[in-house]
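Engineer: predicted model and sequence follow; I will ask about them next.
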Amino acid sequence: MKPPPFDYHGPASLGETLRVLAEVGPHGKVLAGGQSLIPLLNMRLAAPAHLVDINRVAELDTIAAEPGGVRVGALARHAAVERSAAARAVQPLLGQALRLVAHPVIRNRGTVVGSLVHADPSAELPAVLALLGGSVRLARLGGEREVAAAEFFTGPLESAVAPGELAVSAFFPALPERSGTAFCEVARRHGDYAVAGVAAAVTLDEDFRIAAARVACVSVGPVPVVADVTEVCGPRPAASVGWDVDWDAVARAVQDRIDPEEDIHATATYRRHLTGVLVTRALKSAAHEAGHGEQGEL
Amino acid sequence: MNHHITLVVNGVVREASVPARRLLSDCLRHDLGLTGTHVGCEHGVCGACTVLLDGEPVRSCLTFAVTVDGREITTVEGLATGGELSPVQRAFAECHGLQCGFCTPGFLCTATAFLRDNPAPDDEEVLEAISGNLCRCTGYQNIIKAVHRAAEIQAEEAG
């Protein structure tokens, strides 16, 4: 349970980090919070020749909340984003999801961007980025690119980050007026990876009818599964969410989109069932929040 | 290749020469001789190795010593002041919050930081705060009581 040896690099600036990453190429691995990487090293499931520790690159420790969304820098810890009132105000789903990420002590070290790059299909934050249609900014020596969430998650524990690149920030867009969000999951113990989980976003129109409804599901596919359920949900008066919407049809629409696998924690059938229940629960909660936000009351 | 690092551990400047892969937990125990920090699972699940990094609880088994070069660490050895147990330590003793004691250093560090940030927690907040620490023998009921009792002791002493 000790990490294999590696060459250590502790750059102090972004420029230096990108130079080192360009040099070590496919043999390099970036260390930020380390809450997923170091267990993998301790268990010898990963053995990178070079570790590039970005913990001294203070310029990456940023949380910028603007009306259009929240941009989170590569060194912003889960706990810092969770505590940021400005980030919560612009995109409440961040706080709702972060409360479910592991335990408080893990959140003191783990980073939001690190979770995205780790791309665990059971993790909450990839689902949040996918649901919101956010993006990740990847920098390399001499350039950068912004990769949309839909292209960023390429498989279980695989993301679009290429050798020599550093994920410098992630952008979580805000939602329009009269929107609400929720994250519901079932885990064997609080803080464990979810057996199934659903992030939901609902936007109401001026007459408080459902104008847009989307969900992102975790632990039921190789990457977060996003489903747009606007057509099945609306446009119906949100005042009667729970009465008018055919929730069984909504749940079925999402269940048809997922391809869960069986493991020691749950059968595929149970995961599919849970996802259906959580879709309904999360959408109702998001619709409720959308109708009771500061923009208006039902 | 070894790296020369300086840590401020429990208020004392300590130096060590460590390979980059040295976990903070092993650095504290082997290089600095502070065996109060216990090592359980070594992959971040059990919480026994929890120490305070600049006051915030972190898993020392999921932190490289070289990463925290120059930072302040508080271990269980640093909780008592002047030979007197801290309020959290006294509460654990009083409420039978420990039995074999293996998980205790992690619980004490976690609870110390938690009560600093939230001096009057309710049951649910205590549960959430200690959810990342496993105990296999004492049982959680007395540990929860101990955290509440520590909050009381701190309030009494502050008042």
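Structural biologist: Yep, it's here.
Engineer: show me the contacts for residue 67.
Structural biologist: Picking chain A for this. Taking Cβ atoms under 8 Å, 6 or more residues apart in numbering or on different chains, we find residue A:67 in contact with A:90, A:174. Backbone N, C-alpha and C define where each C-beta goes, glycine included.
Engineer: let's do chain B instead
Structural biologist: A:10, A:31, A:34, A:53, A:55, B:24.
Engineer: so how far is residue B:151 from the residue in the stretch 51-200 of chain A that chain B sits nearest to?
Structural biologist: Using Cβ to the nearest Cβ, the closest approach of the stretch 51-200 of chain A to chain B is made by residue A:103 at 2.8 Å. Separation of residue A:103 from residue B:151 (Cβ to Cβ, to the nearest Å): 20 Å.
Engineer: pretty sure residue B:91 is touching residue B:97, no?
Structural biologist: Yes: using Cβ atoms under 8 Å, residue B:91 is in contact with residue B:97, at 6.8 Å.
Engineer: between the two, what contacts are shared?
Structural biologist: Jointly contacting residue B:91 and residue B:97 under the rule Cβ under 8 Å, 6+ apart are B:146-147.
Engineer: what ranges does chain A have for its strands?
Structural biologist: A:7-9, A:28-31, A:50-53, A:63-66, A:69-73, A:135-140, A:143-148, A:153-155, A:158-159, A:166-173, A:179-187, A:194-204, A:210-218, A:225-228 (DSSP state E).
Engineer: partner strands of the first one, with direction?
Structural biologist: Its sheet considered, strand A:7-9 pairs with strand A:50-53 (parallel) by DSSP bridges.
Engineer: list of residues touching the strand it pairs with?
Structural biologist: Residues from elsewhere that reach strand A:50-53 (Cβ under 8 Å, 6+ apart): A:6-11, A:17, A:20-21, A:24, A:27-31, B:20, B:64, B:66-67.
Engineer: and if we set it to 6 Å?
Structural biologist: With Cβ atoms under 6 Å, 6 or more residues apart in numbering or on different chains as the test, strand A:50-53 has contacts from A:6-10, A:20-21, A:24, A:27-31, B:67.
Engineer: can you name the two of those that are farthest apart?
Structural biologist: Taking Cβ to Cβ as the measure, the contacts of strand A:50-53 reach their widest spread between A:27 and B:67, a distance of 19.6 Å.
Engineer: for residue 17, give me its contacts.
Structural biologist: Went with chain A since none was named. Applying Cβ under 6 Å, 6+ apart to residue A:17 gives the contacts A:11, A:54, A:57, A:166.
Engineer: let's do chain B instead
Structural biologist: By Cβ under 6 Å, 6+ apart, residue B:17 lies in contact with B:2, B:4.
Engineer: got the phi and psi for it?
Structural biologist: Dihedral pair for residue B:17: phi -120, psi 110, per degrees, to the nearest 10.
Engineer: that one and chain A, how far apart?
Structural biologist: For residue B:17, the distance to chain A equals 13 Å [Cβ to the nearest Cβ, to the nearest Å].
Engineer: do residue B:70 as well
Structural biologist: Counting by Cβ to the nearest Cβ, the gap from residue B:70 to chain A is 9 Å.
Engineer: surely that residue is within a strand?
Structural biologist: No: counting by DSSP: H, G, I helix; E, B strand; the rest coil, residue B:70 is not part of a strand but coil.
Engineer: so which strand or helix has the nearest residue to it once chain neighbours are set aside?
Structural biologist: Nearest in space to residue B:70, with sequence neighbours left out and distances taken as Cβ to Cβ, 6 or more residues apart in numbering or on different chains, is residue B:6 at 6.0 Å. Under DSSP states H and E, the secondary-structure element containing residue B:6 is strand B:2-9.
Engineer: that strand pairs with which strands?
Structural biologist: strand B:12-19 (antiparallel), strand B:72-74 (parallel).
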